[in-house]
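Novice: what's the 3D shape of this:
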Amino acid sequence: MIFLNAFLLSGVFCLIAQIILDNTKLTPGHITSIFTVLGAVLSFLGIYPKLISWAGAGATVQISNFGHMLYLSAVEGFHEMGILGFFSGLLVKSSAAITAAVVIAFVFSLVFKPKN
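Specialist: Residues are numbered from 1 along each chain as shown. Below you'll find the model as predicted:
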């Protein structure tokens, strides 16, 4: 059942993104930012952890999960060190994903040639 839930949740997120892309002049970069903020807002409202328990990887592999992780890191840092912890702890939980994205992008830039 978790596979079906993951498929459905990811499909709904993709559907929303495609509708926004087709009916507005927003770029994929804008939509990425919207979904990152949406993940943080849903986390703040307590909805995103429920989505993760319901859909598993269907909620944790999307860009909205990055916003969720940023929110969790910021709150945890704030509780540990106050306002400075909010900023210094912001990327603690998502640093592995950011590093992996940078390294993989670098490797791909070495392997593939861009089209002119």
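
Novice: contact partners for the residue lying closest to Y48 once chain neighbours are set aside?
Specialist: The shortest distance from Y48 to any non-neighbouring residue, by C-beta to C-beta, 6 or more residues apart in numbering, is to L42 (4.1 Å). Quick note: C-beta positions are derived from backbone N, CA and C, even for glycine. By C-beta atoms under 8 Å, 6 or more residues apart in numbering, the contact set of L42 is Y48, L51, S64, G67, H68.

Novice: show me what counts as buried in the strand or helix carrying the last one.
Specialist: Counting by DSSP states H and E, the secondary-structure element that holds H68 is helix 63-81. Buried residues in helix 63-81, counted by 16 or more other C-beta atoms under 10 Å: 63-78.

Novice: repeat for stretch 29-49
Specialist: In terms of neighbour count (16+ other C-beta under 10 Å), stretch 29-49 has its buried residues at I31, I34, F35, T36, L38, G39, A40, L42, S43, Y48.

Novice: which SS class is the closest residue to V61 other than its chain neighbours?
Specialist: Counting by C-beta to C-beta, 6+ apart, V61 lies nearest to S10, which is 7.7 Å off, once chain neighbours are set aside. Per DSSP: H, G, I helix; E, B strand; the rest coil, the local secondary structure of S10 is helix.

Novice: many thanks, I have nothing further to ask.
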